[in-house]
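1. here is my input, please return the structure:
(chains A, B and C)
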Amino acid sequence: MNAAGLDVLLKYFPRSFVETLSKKLGINQLYPTQVEAIKSGVLDGRDIVLSAPTASGKTLVAELAMLKTLIAGGKALYMAPLRALASEKFEEFSSFFGVFGYRTAISTGDFDSDDPWLEKYDVIVTTNEKADSLLRHKARWFDKITLLVVDEIHLIGSDKRGATLEVFLTRTKLMPRRPQLLGLSATIGNLEELAEWLQAKPVRVDWRPVPLKEGVYYNGEIFYSDGSSTTLDDHGTPLYDLAYDTLENEGQILVFSPTRRSAVSDAKKLSAITVKFLKPQEFRVIREHVSRLKSVYTDKVTLELLELLSKGVAFHHAGLGLEARSAVEKLFREHLIKAVIATPTLAAGVNLPARRVVITDYRRFNVELGYYEKIPVMEYKQMAGRAGRPRYDKEGEAVLIARSLQELEFLLNEYINARPEKLQSQLASEPVLRSHILSIIATSENVRSYSTLGRFLTSTFYLHQNKDYFFVIERARSILEKLVSSGFLEVEGEKLLPTQLGVRVAELYIDPETATQGLNFFKSREKASTLAYLYMISATPDAQTVHVRRGDEEWLEEKLKVMKEELGFEPPEDDIEYEFFLQVFKTALLLEDWINEVPEDVIVERYDVGPGDIYSLTLTAQWIAFALSEIAKLSGYDVHAVNLGVLSKRIEHGVKEELLELVSLKGIGRVRARNLFNFGYKSLIDLAVAKEEELSRVPGIGKMLAKSIKKQLSSREEGEVDEEQPELGEPGPLDFYLSS
DNA sequence: GGTAGCACTTTATAGACAGCATGTC
DNA sequence: CTATAAAGTGCTACC
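-> Sure thing, here's the model as predicted:
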């Protein structure tokens, strides 16, 4: 390695820092990506949108830029689209900046660094939504941010979540002292347009640390983009051929499959091959992981996975629980399992490179629109970019599978040699716009009239891209009317003022429509059954629902007969509405089972979901329950507020009310709490009185846990002093000024 | 009468962010 | 709206 490779950094950093980079962090040379970015001025404080392939060193660019800003006494905010990515970066940054004596914090739905908020940290890692939420809550440290790093900034074009990022960026753009911006992007068709909107410099780098070959497999041959080709041995099916060839050369293969079902079945098929390449010592290590996972999961989905793991292969999709997923990732990274067959979870998710990536189908069924569509080139490129493990593989290879000569041609032209499409702003869709319009008015003092809102909208990417100003203004006007009639805003002449309710809705981060539905529910009844609450929650636009299969209708209708009373209303007549009704009803039943302590395995079977689905379903329901409880409180519906508060806790832990006290202990979940309860420990007092040895006789409670319980209880008795919260409510520094 | 094997028919379809206050299966 | 693989069902041939 060439130590002089770091010379360019001496212009920006003290020599000791550069030496530390080399000695402690093993960074001796800069990648072309980093050189380009520095040439373009990231370290001189310039705003930049950097588009470069996966693993081409974008993270180090961000780290250097952040380090630069920290040395100057500033603070950096790093935003990522997924919680998993945020926590991955948090780990990385903690050690990187730790070496230089700077502190890193993370704030997502999962974790929150508590201490007097995030003020004293130098680097803060969040998800996009969390960053937006912090803005809404007027976090005071926000004006201390001197560098904003937005990872995967191309997410601005995603239909569901793109608008959040767009509004966030528009807001920061309009701040009086805007922080430096570093956007990190995959390859996109209109980088220049995006950068121009952000008033940043577009920087495009195509260099990859591991060269990537892209090709199409047809009739026993891989045809590469450069016109060359290789022939593979025949093992029955294209996927077998590709897998065999990869494993034979001691590589690993990552397969993208369109559905969960096909991912599982492809994994099963490939197990016949992978098992042949599994060495005995590898098998032993895998078995340890498998037996550990067996103690966590006993549902059929995970059991199927565990069986496959022992054969050196795995499937990966969002139905799997968190631990199962990360076990698959870990085993694959350690080269123990040879093949992973994944749904698009992994396309934009955690970094899991493999020598060869196979995309079995360029089409995917669109559940919402109800038809098959071809996946965007950008998504293909993201998947293909996973090919090639730095340091392990000389080159990576991405392969699409063609079924006919025509398709071969089509895939070469439309994917491999195609340019990724242009990013399109997704701001104009109504449900998205209504949330953000309320949020903008409710949480910033400077957009409080039709004209300032109009000016805000003018600064968005949407209007930068589409010149139809009047269309947006019209749509905004109709949304404003609805927000006013729902009681979130008030009009005083030209002025638009948020109500207390409106502010709270924006802070709680729920769709105004969710709040409206909640309020209608509260208004129409003084009390409600648990099932009725669960139904109401699951029917909101923020909720997730489960699918109703053909065979479900029958038993759902049986259930309905018995529970009509409890539900408190008649199901709709209309066919489409009825279909939605059944979906919501099924979801409500699942949640009810969950809070009645029905075992996870049973839920998995009964509702045809995976443990991961249960997790995300309950997480969402719990959040909505909490938010609506707050809305009820604010609107004077005290009974509903209390009921929903309790319900939210029950959903969080999956327990009956009687266990809520026990479950507040660290290390005690629904299962252990029930065991304790059945052994007569029904409250914290009971536990405080009990002896450690007695507690450890309860199934699921070992010596360690018994000790931890006692320790927790004794510290509670002493009454720990709560940490002081910074006062809220002052106008935040994030308010921007739309001076005309 | 029972069943293996095959052809035809039916069925279902990816993912995941947010509050708050501290640590799930 | 532009599909397809897996699971389910039913039929036939054969013992």
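
2. tell me which residue of the stretch 251-400 of chain A lies closest to DNA strand C.
-> Residue nearest to DNA strand C within the stretch 251-400 of chain A: residue A:265 (3.2 Å; CB to the nearest atom of the strand). To be clear about C-beta, it is placed using only N, CA and C from the backbone, and glycine gets the same treatment.

3. if I look at that residue, how far off is residue A:254?
-> As judged by CB to CB, to the nearest Å, residue A:265 and residue A:254 stand 17 Å apart.

4. show me which of those two is the more surrounded one.
-> A direct count of neighbours by other CB atoms under 10 Å for residue A:265 and residue A:254 places residue A:254 higher, at 24 against 14.

5. I'd say that one and residue A:360 touch.
-> No: applying CB atoms under 8 Å as the test, residue A:254 and residue A:360 come out as separate, 11.4 Å apart.

6. tell me, how many residues neighbour the residue of the stretch 501-650 of chain A found nearest DNA strand C?
-> When distances are taken as CB to the nearest atom of the strand, the stretch 501-650 of chain A reaches nearest to DNA strand C at residue A:551, 8.8 Å away. With neighbours defined by other CB under 10 Å, the count for residue A:551 comes to 9.

7. what pLDDT does it get?
-> Note on residue A:551: pLDDT of 85.

8. roughly how far apart are it and DNA strand B?
-> Distance, residue A:551 to DNA strand B, using CB to the nearest atom of the strand, to the nearest Å: 6 Å.

9. ok, now which ones touch that residue?
-> Shown in contact with residue A:551 (CB atoms under 8 Å, 6 or more residues apart in numbering): no residues.

10. what about it, distance to residue A:713?
-> 48 Å.

11. repeat that for residue A:424.
-> For residue A:424, the distance to residue A:713 - CB to CB - is 56 Å.

12. cool, residue A:270 as well?
-> For residue A:270, the distance to residue A:713 - CB to CB - is 51 Å.

13. now do residue A:612
-> Taking CB to CB, one finds residue A:612 at 33 Å from residue A:713.

14. show me what from the stretch 101-250 of chain A comes close to DNA strand B.
-> Within reach of DNA strand B by CB under 7 Å from any atom of the strand, the stretch 101-250 of chain A has these residues: A:108-112, A:114, A:126-130, A:133, A:137, A:158, A:160-161.

15. for those, which one is nearest DNA strand C?
-> Checking those one by one against DNA strand C (CB to the nearest atom of the strand), the nearest turns out to be residue A:160, at 17.2 Å.

16. so what's the closest residue to DNA strand C within the stretch 401-550 of chain A up against?
-> Nearest to DNA strand C, among the residues of the stretch 401-550 of chain A, is residue A:403, at 7.0 Å (CB to the nearest atom of the strand). By CB under 8 Å, 6+ apart, the contact set of residue A:403 is residue A:218.

17. which residues of the stretch 251-400 of chain A fall in helices?
-> A:260-274, A:280-296, A:300-309, A:322-333, A:377-384 (DSSP state H, counting those that start in this stretch).

18. now the ones you listed as TSV including mean pLDDT and distance to residue A:529?
-> Below are the helices of the stretch 251-400 of chain A laid out as TSV (pLDDT from 0 to 100; distance: least, CB to CB, whole Å):
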stretch	mean pLDDT	distance to residue A:529
helix A:260-274	93	34
helix A:280-296	93	33
helix A:300-309	94	31
helix A:322-333	94	32
helix A:377-384	94	44
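
19. surely residue A:41 and residue A:201 touch.
-> Yes: using CB under 8 Å, residue A:41 makes contact with residue A:201 at a distance of 7.0 Å.

20. what touches both of those two?
-> Joint contacts of residue A:41 and residue A:201 (CB under 8 Å, 6+ apart) are residue A:48.

21. what number of residues lie near residue A:95?
-> So residue A:95, with other CB under 10 Å, has 11 neighbours.

22. next helix or strand past the helix or strand harbouring it?
-> In the assignment (DSSP states H and E), residue A:95 maps to helix A:83-99. Sequence order places strand A:104-107 as the next helix or strand after helix A:83-99, per DSSP H and E.

23. I'd like to know which elements that next one is packed against.
-> helix A:83-99, strand A:123-127 (3 or more CB pairs under 8 Å, 6 or more residues apart in numbering; DSSP states H and E).

24. a markdown table for these, including mean pLDDT?
-> Below are the helices and strands packed on strand A:104-107 laid out as a markdown table (pLDDT from 0 to 100):
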| stretch | mean pLDDT |
| --- | --- |
| helix A:83-99 | 95 |
| strand A:123-127 | 96 |
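
25. quick one: low-confidence parts of the stretch 51-200 of chain A?
-> Applying pLDDT under 70 to the stretch 51-200 of chain A flags the ranges A:113-117.

26. and with 90 instead?
-> Residue ranges of the stretch 51-200 of chain A with pLDDT under 90: A:54-55, A:109-120, A:137-143, A:159-160, A:176-177.

27. what's the closest non-adjacent residue to the one residue in it that gets nearest to DNA strand B?
-> Nearest to DNA strand B in the stretch 51-200 of chain A, going by CB to the nearest atom of the strand, is residue A:109, at a distance of 2.6 Å. Excluding its sequence neighbours, the residue lying closest to residue A:109 (CB to CB, 6 or more residues apart in numbering) is residue A:83, at 6.4 Å.

28. what strand or helix carries residue A:454?
-> helix A:450-458.

29. please disregard the earlier target; I meant residue A:507.
-> helix A:500-508.

30. could you report the neighbour count for residue A:328?
-> Residue A:328 has 25 nearby residues by other CB under 10 Å.

31. and it, how close does it get to residue A:300?
-> 17 Å.

32. again, but for residue A:516
-> Residue A:516 is 40 Å from residue A:300, by CB to CB.

33. who has more neighbours out of these two?
-> residue A:516 (20 against 12).

34. check what pLDDT that one gets.
-> 97.

35. the helix or strand hosting it to helix A:500-508, inter-axis angle?
-> Assigned by DSSP H and E, residue A:516 belongs to helix A:512-524. Interaxial angle, helix A:512-524 versus helix A:500-508 (axes from the mean of the first three to the mean of the last three CA atoms, to 10 degrees): 130 degrees.

36. where do the domain boundaries of chain A fall?
-> A:31-204, A:212-416, A:430-492, A:512-717 (automatic domain parsing).

37. interface residues of the stretch 351-500 of chain A facing DNA strand C?
-> A:361, A:363, A:365, A:369-374, A:403.

38. cutoff 10 Å now
-> A:360-361, A:363-366, A:368-374, A:401, A:403-404, A:407 (CB under 10 Å from any atom of the strand).

39. do chain A as well
-> Near DNA strand C, when you scan chain A using CB under 10 Å from any atom of the strand, you find A:239, A:257-259, A:261-269, A:304, A:360-361, A:363-366, A:368-374, A:401, A:403-404, A:407, A:550-551.

40. report the buried members of those.
-> Buried subset of the residues of chain A next to DNA strand C (neighbour count, 16 or more other CB atoms under 10 Å): A:239, A:257-258, A:262-264, A:266-269, A:360-361, A:364, A:401, A:407.

41. run through who's touching stretch A:673-686.
-> The contact list for stretch A:673-686, computed with CB under 8 Å, 6+ apart, reads A:597, A:653, A:655, A:658-659, A:661-665, A:668, A:687, A:690, A:695, A:697-701, A:713, A:716.

42. let's see it at 7 Å
-> A:597, A:655, A:658-659, A:661-663, A:687, A:690, A:698-700, A:713 (CB atoms under 7 Å, 6 or more residues apart in numbering).

43. go on, stretch A:273-289?
-> By CB under 7 Å, 6+ apart, stretch A:273-289 touches A:240, A:243-244, A:247, A:309-313, A:327, A:331, A:336-339.

44. quick one: residue A:202 and residue A:193 touch, right?
-> No: the criterion here is CB atoms under 7 Å, and residue A:202 misses it with residue A:193 at 8.9 Å.

45. was I right to think residue A:657 contacts residue A:646?
-> Yes: counting by CB under 7 Å, residue A:646 is a contact partner of residue A:657 at 6.2 Å.
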